[in-house]
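In: Here's my sequence, what's the structure:
(one chain, ligands or ions: 2)
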Amino acid sequence: MANVRSQKAEKVIGRMKMKVNRQMASSLLACVHCGMCTQSCHYVLANPDDPTYAPAYKADKIRKIFKRHVDWTGRVFPWWVSAKSLYTDEDLEELKDTVFGKCTNCRRCSVNCPMGVDYGVFNRMARGALVSVGVMPEGVAVVSKDQWETGNQMGVLKEDYIETLEWLSEELQEELEDESAVIPIDKQNADLVYSINPREVKYDPRTISDAAKIFHTAGANWTMPSEGWDMTNFGLFSGYNELGGSVARRLYEKVEALNGKKLIISECGHGYRSTRCEGPNWAGRDVKFEMESSVITMLRYIREGRIKVDKSRNPEPVTFHDSCNNARSCGLTEEPRELLRLVCEDFREMLPNRAENYCCTGGGGAMSMSEYTPRRLKSGKIKADQLKATGAKVVVTSCHNCVDGLSDLIRHYKLGMDVAQLVNLVANALVLEKRAVVVPEPVVAPSVTEELPLAGRRIVVADDEPDFAEFVAMVLQDAGAEVFTAHNADTAMELARKEKPDLLTLDLQMPGKTGDKVFVEMRTDPELKKVPVCIITGQPEMRALIYDRSVPPPEGYMDKPVREDQILFNVKKILKIPHHDPDDG
Ligand code: SF4
Ligand code: SF4
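Out: Ligands and ions are numbered 1, 2, ... in the order given. Next up is the predicted model:
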């Protein structure tokens, strides 16, 4: 009996046939199975006895379908060229596991292939075909939905984004004692329009204020758009070019509406590649303005003498991690190094580096696919070894995805390093004319012991993982807060009623009643509905349970893992407590 093909399998094959271009076809045909790419892949290095991680093995899964349905050899003699088709939904699931769960599309294997096979490119195409029929990891579906619906991949609401920029503006004015030191929003005819990663608004606003400080000091005529500000693009990870085009279009159209002269892309590897290199193709349009990485902007300011820097303010040993997208796909390798040598005293290379660097393991959207986390962390062993061998205290990277990937590895392999971006180091080294005294300070993780910003505040921490609850409680207590801890939903509600806290941090996955139910109960309880709630969860896929409710959204949201400085930033923001950087002097 002939094999019956499911509707989904039929559609996936149809889409693959449509999307294979000449570049992919030559990669699909060129492999001679020499195996030279095998040791390039971090998954292989961590799983030497499992052949299913080898790049050529993974590529063959797609190659066999291509041969069966596109290449003439497989259409005429399928048995001769090992051509194979897709039939069942199980076949699709198996393909999903390979293209999403065993490859970060880092393209390191391509650099080491003598035949020029670019597996990352057709792996991405296969992802897009699966996404078109809804076969994808849950996290990919959630993030894609957010970016389709809100225009940014973390679902940041416009009012939250604007409020954060205004809050950062006030802080900047205070810090620089200069009323003109603001973050201009939607300014027409600006020379520079600054686009960012939504992670900066949500978890790392310091990168925005550091950039603002640099633009202001350089006297730039700049602005941030109120919409179309997310330069990341989940279309690159999901392989779904329709999403890629929609996101890129929003960004380009906003710059044009503001009549901006140049779009500056903050430090993000996949954002830079998507916006500057792939975006115009996905969006199917010309882009008339220039686009530039903020790394190049900062370097130019120093070269032109528009900002002055003092490298003695960054004395710790620092190493640099090349983001795969920046280095392998965009050639952005020398500018970050030149900048590093100007702003820190002890820069040491990680080996290997530049286009040969290993992935942080968070590439290709891997951070959103929690089902593959153990696999991802295991495959990070080579990266952890690379980091350790440098002896550096800080690893700098020009990518928000890499910040998360590296932070996870540093925690998992207990490396005791901090992660920073170039913007943090440049801002730390910035010589401000008005400053009378300059005290060198560490780059990352502002100390909270010098002041007690949360003194007098009462906070309930609800999380079923005792270690994590203790960690959050300790961070808050060190900042002066009185903390009450709950390990289940009932105790959390009890404490909320009894203690009337200023804030409740809430895990979503707890025994008994889940966090989303506690949240709704609080929002509908006349006594508790005004208590601000900050979700801290390790289940980003549960986010929809919170945001799709008819009750007002939580005041804060963080995905685990979280760092001490992120907790403090977010809690202070929710409680409207001004944040003071340690380099205030
Ligand atoms: S190095 Fe290139 S030709 Fe050799 S197995 Fe890998 S992909 Fe195929
Ligand atoms: S693209 Fe990267 S993760 Fe994927 S097979 Fe090649 S080396 Fe491995």
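In: and the most centrally placed residue in the chain, what does it touch?
Out: The chain has residue 401 as the residue nearest its centroid, 3.2 Å off, counting by C-alpha atoms, centre = their mean. Residue 401 makes contact with 268-270, 323, 360, 362-363, 367, according to C-beta atoms under 8 Å, 6 or more residues apart in numbering. Heads up, the C-betas are built off the backbone N, CA and C, glycines and all.
In: repeat that for 6 Å
Out: residue 362 (C-beta atoms under 6 Å, 6 or more residues apart in numbering).
In: For it, what is the enclosing helix or strand?
Out: Per DSSP states H and E, residue 401 falls inside helix 400-412.
In: For the biggest helix by length in the chain, buried residues please.
Out: Counting residues, the longest helix found in the chain (DSSP state H) is helix 158-176. By 16 or more other C-beta atoms under 10 Å, the buried positions in helix 158-176 come out as 160-162, 164-165, 167-169, 171-173, 175-176.
In: can you check stretch 556-573 too?
Out: Result for stretch 556-573 [16+ other C-beta under 10 Å]: buried residues 556-559, 562-573.
In: next one: stretch 78-94
Out: 78, 81, 83-86, 91-92.
In: and those as a markdown table, adding secondary structure and pLDDT?
Out: Formatted as a markdown table, those follow (DSSP: H, G, I helix; E, B strand; the rest coil; pLDDT from 0 to 100):
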| residue | secondary structure | pLDDT |
| --- | --- | --- |
| 78 | coil | 92 |
| 81 | coil | 90 |
| 83 | coil | 95 |
| 84 | coil | 96 |
| 85 | coil | 96 |
| 86 | coil | 97 |
| 91 | helix | 98 |
| 92 | helix | 98 |
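In: Out of the buried residues of stretch 556-573, flag the one nearest to ligand 1.
Out: Lowest distance from ligand 1 to the buried residues of stretch 556-573 (C-beta to the nearest ligand atom) belongs to residue 559, with 34.9 Å.
In: ok, so what distance separates residue 112 from ligand 1?
Out: 6 Å (C-beta to the nearest ligand atom, to the nearest Å).
In: Leaving out sequence neighbours, find the closest residue to that residue.
Out: residue 40 (4.3 Å; C-beta to C-beta, 6 or more residues apart in numbering).
In: same thing with residue 425?
Out: Distances taken as C-beta to C-beta, 6+ apart put residue 343 closest to residue 425, at 4.8 Å, once the chain neighbours are dropped.
In: Compute the number of surrounding residues for that neighbour.
Out: With neighbours defined by other C-beta atoms under 10 Å, the count for residue 343 comes to 26.
In: try the one 10 residues further on
Out: Neighbours of residue 353 under the rule other C-beta under 10 Å: 17.
In: cool, and residue 121?
Out: Applying other C-beta under 10 Å, we find 18 residues neighbouring residue 121.
In: Next one, pLDDT for it please.
Out: Note for residue 121: predicted pLDDT of 96.
In: do the one 3 residues further on as well
Out: According to the per-residue confidence, residue 124 scores 98 in pLDDT.
In: With ligand 2 as the reference, measure out to it.
Out: Distance of residue 124 to ligand 2, given as C-beta to the nearest ligand atom: 10 Å.
In: okay, now that residue: neighbour count?
Out: Other residues within reach of residue 124, judged by other C-beta under 10 Å, total 25.
In: now do residue 281
Out: When counting by other C-beta under 10 Å, one arrives at 12 neighbours for residue 281.
In: Who are the contact partners of the residue nearest to residue 112?
Out: Residue 40 neighbours (C-beta under 6 Å, 6+ apart): 108-109, 112.
In: ditto for residue 354
Out: Residue 354 sits in contact with 322, 327, 333, where contact means C-beta under 6 Å, 6+ apart.
In: hmm, back to that, mind giving me the packing neighbours of the longest helix of the chain?
Out: Using 3 or more C-beta pairs under 6 Å, 6 or more residues apart in numbering; DSSP states H and E, the elements in contact with helix 158-176 are helix 205-217.
In: hmm, back to that, what's next to the longest helix of the chain, contact-wise?
Out: 179, 181-183, 201, 205, 208-209, 212.
In: Now that we have those residues, which of them are buried?
Out: 181-183, 201, 205, 208-209, 212.
In: now for those residues, which pair is the farthest apart?
Out: Greatest spacing in these, by C-beta to C-beta: 181 and 201 (19.2 Å).
In: which is the next helix or strand following the lowest-mean-pLDDT helix or strand in the chain?
Out: Least confident helix or strand, the chain: helix 543-547 with a mean of 70, by mean pLDDT, DSSP states H and E. Remark: after helix 543-547, the chain's next helix or strand is strand 556-559, criterion DSSP H and E.
In: Tell me which other helices or strands that next one touches.
Out: Going by 3+ C-beta pairs under 6 Å, 6+ apart, strand 556-559 lies up against strand 533-537, helix 564-574.
In: so can I have TSV of the ones you listed showing mean pLDDT and distance to ligand 2?
Out: As requested, the helices and strands packed on strand 556-559 are arranged in TSV below (pLDDT from 0 to 100; distance: least, C-beta to the nearest ligand atom, whole Å):
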stretch	mean pLDDT	distance to ligand 2
strand 533-537	89	27
helix 564-574	81	28
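In: and the gap between the closest residue to residue 528 other than its chain neighbours and residue 21?
Out: Nearest residue to residue 528, sequence neighbours excluded (C-beta to C-beta, 6+ apart): residue 522, at 4.5 Å. Using C-beta to C-beta, to the nearest Å, we find residue 522 at a distance of 52 Å from residue 21.
In: Looking at the two, which is more packed in?
Out: Taking neighbours as other C-beta under 10 Å, residue 522 and residue 21 compare with residue 522 leading, 22 against 11.
In: and the two most separated of the buried residues of stretch 78-94?
Out: Among the buried residues of stretch 78-94, 81 and 92 lie farthest apart (C-beta to C-beta), at 22.2 Å.
In: Now do the strand or helix carrying residue 484: distance to the chain's middle.
Out: Residue 484 belongs to strand 482-486 when assigned by DSSP H and E. Its chain's C-alpha centre and that of strand 482-486 lie 31 Å apart, by C-alpha atoms, centre = their mean, to the nearest Å.
In: got the CA positions of the next helix-or-strand element following that strand in CSV?
Out: Remark: after strand 482-486, the chain's next helix or strand is helix 489-499, criterion DSSP H and E. Provided in CSV are the C-alpha atoms of helix 489-499 (Å, rounded to 0.1, in the frame of the first residue of the first chain):
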residue,chain,number,x,y,z
ALA,A,489,0.3,29.5,46.5
ASP,A,490,-1.8,29.4,49.7
THR,A,491,1.0,30.7,51.9
ALA,A,492,1.6,33.5,49.4
MET,A,493,-2.0,34.6,49.5
GLU,A,494,-2.0,34.3,53.3
LEU,A,495,1.1,36.5,53.6
ALA,A,496,-0.3,39.0,51.1
ARG,A,497,-3.4,39.4,53.1
LYS,A,498,-1.6,39.6,56.5
GLU,A,499,1.4,41.7,55.6
